[in-house]
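K.L.:
Build me a model from this:
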Amino acid sequence: MRHAATMTGWALGLSAMAMTALAQEAPPPDDLLTLAKGAVLVSASVDPNAALALTDGNPASNWSTGTAKNPPPYTFVFELVAPATIEAVGIHGAGERPGGVAGGSAGPVRVEASAEGPGTGFAPMATLEAGPEGATMAASTIDTPVRWLRFTVDGPIGADAAWVYFAEAIAHGAVTPPDEEGRFTGIFQSGRADFIELRQDGSSVSGCYLDNGGRTNGTLSGAVDEGVARLNWTSDQGITGTALATIDSTGALAGVRYRQRSRSAWGGPPAPDGTTTPCSATEPANPIVTALEETGEARIYGIHFDHDSDVPKSSAAAALEQLAEALESAPELNVVIEGHTDADGEDSYNLDLSDRRARSVVAWLTERGIDADRLTPQGIGEAEPVASNDTADGKALNRRVDVVAR
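P.N.:
Predicted coordinates for the structure are as follows:
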C-alpha cells in the first residue's frame, strides 16, 4: 500500500516536468512483425535461417533465395505475440544489389491471415506489387483479430532476375495485450545438452543457462513488457551480454542473444519433464544487489516508459522496488542513476529525455525514503549502446536504466 500511494503522488508531481519537456514528432507505426514486438518466424519455404532477418527491423539485412535453383513462389509464416487487428501489411524492398548481381527485389506479394493456427484458417488479407526500395504497404481487408500472417512472394521485379530477395515483412495495427502472468516461467532446451531456466515474478525475470553442451553456465535477469523479455546474461567466466525473447503459442522460448554487437538465435522448446539446471533448487536473489556487489554496476530493464515520457509505466513497480531494496541493503552505497535511449531521434532530444527519466527514478527513490544525497541522476542518451541500433530488438535493449556505484 505504501508503494502504491508513493507512486501516485510522484507521478502527479512529475506532470509539470513532462509538460515542459522538449517535444518530438509522433513515432511511425510499430512494425508488429519484429521480435522486439514479440513476433516470431514460424516457417519459411526457403532458407529459414536467413529468413530470421525478416523480423529484426533492419532494412539493411535481408532474405534471398541465394540461387536460381529455388523457383517461386516463396512462403513465410509469422506469428504475432497475441491476436491483433491489422490495418496494413507490406514488405520492405532490399534495394539495388551491388556488383551487377543477377537478383531482383520481390515484386508480387500475397498476404493471408489466420486466427486459428500457423497451418490452417488462412484468408486473403492484401495483395501488392512491391517496389525495389522502401516500404510498399496495402490496406488489410480483414477487420477481425488474427495472429498468424502468411506472406507469399510470387516472384521478383523483372523476369530476368536469377533469384529474389527482400528486407522486411511489415504489419501495422493494434495488438491485444498479451497475458504476461507467469509467461516466462519454465525450462527450455536450447541445444542437445543446453538449457535456459527462467522464473517470472510479476514483470521481473531471473534464471540461469547451460551452454556449450552443458560445459559452461551463467545467470540471467531482466523484465517483461508487452510479452517480450529484455534480459542480461553473465557467464561463469564473467562475460556479459543482453538478450531479447518471447514465448510463442507452442510454449517455446524464441529469442536472440547479443554479445559485443553479434546477434544469434537463442531459445528452444520446453525441456523434457524432470530437467533441472544449476538454479533449479535455489531461490532467486535480487539481481540488482548481485550486480552491484559483483561489478559495481547494474543494468535494469524493468523500468519501462512510454514513448516520449519520463513517467514509468505501472509495470515498472517491481524493478523500482528491487532498486530501492538494493540501496536499503547497502546504506553506505552512493550511486549514479543513468538513463539510456536508442538512437532514434535527435541526439539532443535523446540526451534530454534520458536525463528526465534518470531524474524521475531519483524522485521515486527519494519519495520511497532513499537519501537524495546518495543519488546522482545522469542522462547518457544514445551514447552507450549495448546492442546494435540497426535492429528493432537492439534498440529495445538500448532503452534502459543503469545504476553505477560511485
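K.L.:
Do a quick rundown of the strands in the stretch 251-400 of the chain.
P.N.:
253-259, 262-268, 297-300, 335-340, 375-381, 400-405 (DSSP state E, counting those that start in this stretch).
K.L.:
in its sheet, what does the shortest one sit against?
P.N.:
Pairing partners of strand 297-300, with direction, according to DSSP bridges: strand 400-405 (antiparallel).
K.L.:
what's the helix or strand hosting Thr219 in contact with?
P.N.:
Using DSSP states H and E, Thr219 sits within strand 216-225. Outside strand 216-225, the residues that touch it by C-beta atoms under 8 Å, 6 or more residues apart in numbering are 180, 183-184, 196, 198, 200, 203-211, 229-237, 239, 243, 277-279, 287, 290-291, 300-302, 304, 313, 315, 318-319. Glycine gets a C-beta too; all of them are placed from N, C-alpha and C.
K.L.:
and those, which are buried?
P.N.:
By neighbour count, with 16 or more other C-beta atoms under 10 Å, those hold 180, 183-184, 196, 198, 200, 203-211, 229-235, 243, 277, 279, 287, 290-291, 300-302, 304, 315, 318-319 as buried.
K.L.:
ok, back up a step: mean pLDDT and distance to Val109 added to the strands of the stretch 251-400 of the chain, as TSV?
P.N.:
TSV is the format used below for the strands of the stretch 251-400 of the chain (pLDDT from 0 to 100; distance: least, C-beta to C-beta, whole Å):
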stretch	mean pLDDT	distance to Val109
strand 253-259	93	24
strand 262-268	91	25
strand 297-300	96	40
strand 335-340	98	37
strand 375-381	98	38
strand 400-405	98	36
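K.L.:
Looking at those strands, spot the one closest to Ala68.
P.N.:
strand 262-268 (27.5 Å; C-beta to C-beta).
K.L.:
Which residues does Gly241 form beta bridges with?
P.N.:
Per DSSP bridges, the residues bridged to Gly241 are Trp233.
K.L.:
ok, it - how many residues close by?
P.N.:
Using other C-beta atoms under 10 Å, Gly241 has 20 neighbouring residues.
K.L.:
Run through the residues that contact it.
P.N.:
Shown in contact with Gly241 (C-beta under 8 Å, 6+ apart): 232-233, 257-260, 386.
K.L.:
ok, of those, which one's closest to Ser105?
P.N.:
When those are ranked by distance to Ser105 (C-beta to C-beta), Tyr258 comes first, at 28.5 Å.
K.L.:
So that closest one sits against Gly394, correct?
P.N.:
Yes. If you go by C-beta atoms under 8 Å, Tyr258 and Gly394 touch, sitting 7.0 Å apart.
K.L.:
sorry, back to before: among the contacts of strand 216-225, which are located in helices?
P.N.:
287, 290-291, 318-319 (DSSP state H).
K.L.:
Glu112 is nearest to which of the strands of the stretch 251-400 of the chain?
P.N.:
Using C-beta to C-beta, the strands of the stretch 251-400 of the chain put strand 253-259 closest to Glu112, at 21.7 Å.
K.L.:
Would you map out the domains in this protein?
P.N.:
2-26+286-405, 35-175, 186-268 (automatic domain parsing).
K.L.:
how far out from the middle of the chain is the longest one?
P.N.:
Using C-alpha atoms, centre = their mean, to the nearest Å, the distance from the centre of domain 2-26+286-405 to the centre of the chain it belongs to is 18 Å.
K.L.:
Next: the last one.
P.N.:
Averaged C-alpha coordinates place domain 186-268 at 13 Å from its chain's average position (C-alpha atoms, centre = their mean).
K.L.:
circling back: of the domains of the chain, which shows the lowest average pLDDT?
P.N.:
When mean pLDDT is averaged over each of these, domain 2-26+286-405 scores lowest at a mean of 86.
K.L.:
mind listing the strands for the stretch 101-250 of the chain?
P.N.:
Using DSSP E, counting those that start in this stretch, strands in the stretch 101-250 of the chain cover 103-105, 108-114, 123-129, 133-139, 146-153, 163-166, 168-175, 186-189, 195-201, 204-211, 216-225, 228-235, 240-247.
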